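J.: This is the structure alone, sequence omitted:
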């Protein structure tokens with residue numbers, strides 16, 4: 001899947017529950033930068049996606065997902081195991097970005113979950129890896145909620161230290177999943 005189609009997939013996913021939140025849009029901008037999509041192309045992608053009727057979003061996502069990954073022969077399994085086939089890590093990274101987008105606004109909706117479940121099965125992402133992604137996303141969400149509570153505390157050295165620790169814990173959880181995804185390339 002090329003970068004433009006990947007960005008379209010992300011934006012359609014954001015629209016799947018009826019609206020793209022500010023937090024999702026912020027994360028989408030970051031993802032577009034990682035995909036080397038410039039501002040003009042990003043605007044074009046957004047416009048194209050927003051012109052797709054709501055009832056057709058899931059069909060468009062299915063089309064962007066490509067053909068289902070087939071695991072029915074030993075050569076394919078060996079190629080994936082040796083990372084010669086090339087897509088297993090890309091699919092996993094894409095799925096991680098989708099999960100991250102789903103949790104960005106603290107509301108991982110039914111529609112978002114349905115799309116992620118479809119793509120997990122479609123791309124043959126293992127249940128263990130999927131569950132690790134969900135666990136990391138939920139951990140980061142819990143830490144963000146705790147951060148909001150800590151932000152309400154009176155200014156003090158304790159508050160400053162707690163904020164530093166929460167940010168460190170979030171970064172550590174996200175780095176952990178990035179390491180897992182990077183290991184798929186070997």
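T.: Right, received. Where do you want to start? All figures in this text were calculated on a predicted structure; none of them were measured in a lab.

J.: Walking through the protein, point out its helices one by one.
T.: With helices called from DSSP state H, the chain shows them at 3-15, 22-34, 39-50, 57-65, 74-81, 88-104, 110-122, 127-151, 157-183.

J.: Enumerate every residue touching residue 52.
T.: 12, 15, 60 (Cβ atoms under 8 Å, 6 or more residues apart in numbering). In this view, the C-beta of every residue, glycine as well, is placed from N, C-alpha and C.

J.: if we can go back for a sec, mean pLDDT lowest where, among the helices of the chain?
T.: Ranked by mean pLDDT, these end with helix 74-81 at the bottom, a mean of 47.

J.: picking up where we left off before, in JSON lines: the helices of the chain, plus mean neighbour count.
T.: What follows is the helices of the chain, written out as JSON lines (neighbours: other Cβ atoms under 10 Å):
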{"stretch": "helix 3-15", "mean neighbour count": "21"}
{"stretch": "helix 22-34", "mean neighbour count": "16"}
{"stretch": "helix 39-50", "mean neighbour count": "14"}
{"stretch": "helix 57-65", "mean neighbour count": "17"}
{"stretch": "helix 74-81", "mean neighbour count": "12"}
{"stretch": "helix 88-104", "mean neighbour count": "21"}
{"stretch": "helix 110-122", "mean neighbour count": "16"}
{"stretch": "helix 127-151", "mean neighbour count": "15"}
{"stretch": "helix 157-183", "mean neighbour count": "13"}
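
J.: Against residue 6, how distant is residue 106?
T.: Separation of residue 106 from residue 6 (Cβ to Cβ, to the nearest Å): 24 Å.

J.: now swap in residue 61 and tell me
T.: Going from residue 61 to residue 6 by Cβ to Cβ gives 12 Å.

J.: What is the burial count for the nearest residue to residue 22 once chain neighbours are set aside?
T.: Nearest residue to residue 22, sequence neighbours excluded (Cβ to Cβ, 6 or more residues apart in numbering): residue 105, at 7.9 Å. When neighbours are defined as other Cβ atoms under 10 Å, residue 105 has 20 of them.

J.: how about residue 105, what does it touch?
T.: Applying Cβ under 8 Å, 6+ apart to residue 105 gives the contacts 21-24.

J.: Swap in 7 Å and give it another go.
T.: Contact analysis of residue 105 by Cβ atoms under 7 Å, 6 or more residues apart in numbering lists 21, 23-24.

J.: For the residue located most distally from the centre of the chain, report the pLDDT, please.
T.: The outermost residue of the chain relative to its centre, with distances by Cα atoms, centre = their mean, is residue 156 at 35.3 Å. At residue 156, the model reports a pLDDT of 95.

J.: For it, give me phi and psi.
T.: Here is the backbone geometry of residue 156 (degrees, to the nearest 10): phi -170, psi 170.

J.: Look up how far residue 23 lies from it.
T.: Distance from residue 156 to residue 23, by Cβ to Cβ: 28 Å.

J.: same thing with residue 162?
T.: Taking Cβ to Cβ, one finds residue 162 at 22 Å from residue 23.
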